[in-house]
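> model this:
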Amino acid sequence: QLQLVESGGGLVQPGGSLRLSCVVSGFTLDSYAIGWFRQAPGKERERVSCIRSTGDSTNYADSVKGRFTISRDNAKNTVYLQMNSLKPEDTAIYYCAASFICAGGFGSWGQGTQVTVSS
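Alright, predicted model coming up:
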């Protein structure tokens with residue numbers, strides 16, 4: 001059974017940084033692309049970033065490009081999202097999800113971790 005568990009969220013001031021982790025179990029991480037998504041209250045879910053199974057290709061939403069970095073450590077079954085220069089509009093619940101490719105459907109999801117950017 002595929003499981004994904006996010007952690008690392010919290011309250012941070014504007015301009016601050018957080019690193020989210022997504023630990024996976026029940027499958028071989030290097031067979032899957034992993035995406036990070038977020039959903040703010042009253043807004044649609046947005047894909048923030050995705051990393052290919054091999055780790056050699058990544059993509060980002062325009063809203064986070066240059067501030068967020070996705071990476072993976074297959075040996076640790078973990079995907080990370082480093083978030084720098086955080087803004088209040090980054091406040092949301094962040095989820096990780098698995099797919100065979102970044103352009104595909106994401107069928108397995110974690111429970112989410114709350115990120116709040118506020119002074």
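
> Report the spatially closest residue to Ser71, excluding sequence-adjacent ones.
Leaving aside its chain neighbours, Ser71 sits nearest to Tyr80 (5.0 Å; criterion: C-beta to C-beta, 6 or more residues apart in numbering). (C-beta placed from N, C-alpha, C; glycine too.)

> can you pull out the helices in the protein?
Residue ranges of helices cannot be listed for the chain, since DSSP state H assigns none.

> Next, name the residue at the spatial heart of it.
For the chain, the residue sitting closest to the mean C-alpha position, by C-alpha atoms, centre = their mean, is Trp36 at 2.7 Å.

> List the contacts of that residue.
Contacts were defined as C-beta atoms under 8 Å, 6 or more residues apart in numbering; by that measure Trp36 touches Leu20, Cys22, Arg47, Val48, Ser49, Cys50, Ile70, Val79, Leu81, Tyr94, Tyr95, Cys96.

> Count the neighbours of Arg72 for me.
With neighbours defined by other C-beta atoms under 10 Å, the count for Arg72 comes to 23.

> residues contacting it?
Arg72 makes contact with Leu29, Ile34, Ile51, Gly55, Thr78, Val79, Tyr80 under the criterion C-beta under 8 Å, 6+ apart.

> try 6 Å
Shown in contact with Arg72 (C-beta atoms under 6 Å, 6 or more residues apart in numbering): Ile51, Gly55, Val79.

> now the residues you listed in a markdown table, with neighbour count?
What follows is the contacts of Arg72, written out as a markdown table (neighbours: other C-beta atoms under 10 Å):
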| residue | neighbour count |
| --- | --- |
| Ile51 | 23 |
| Gly55 | 17 |
| Val79 | 29 |
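
> Out of the residues you listed, list just those in strands.
When those are checked against strands (DSSP state E), the matches are Ile51, Val79.

> min pLDDT across the contacts of Arg72, which one?
For the contacts of Arg72, the least confidently modelled position is Gly55, at 85, judged by pLDDT.

> Can you tell me the closest non-neighbouring residue to Phe68?
Looking at Phe68 with C-beta to C-beta, 6+ apart, the closest residue is Met83, at 5.1 Å.
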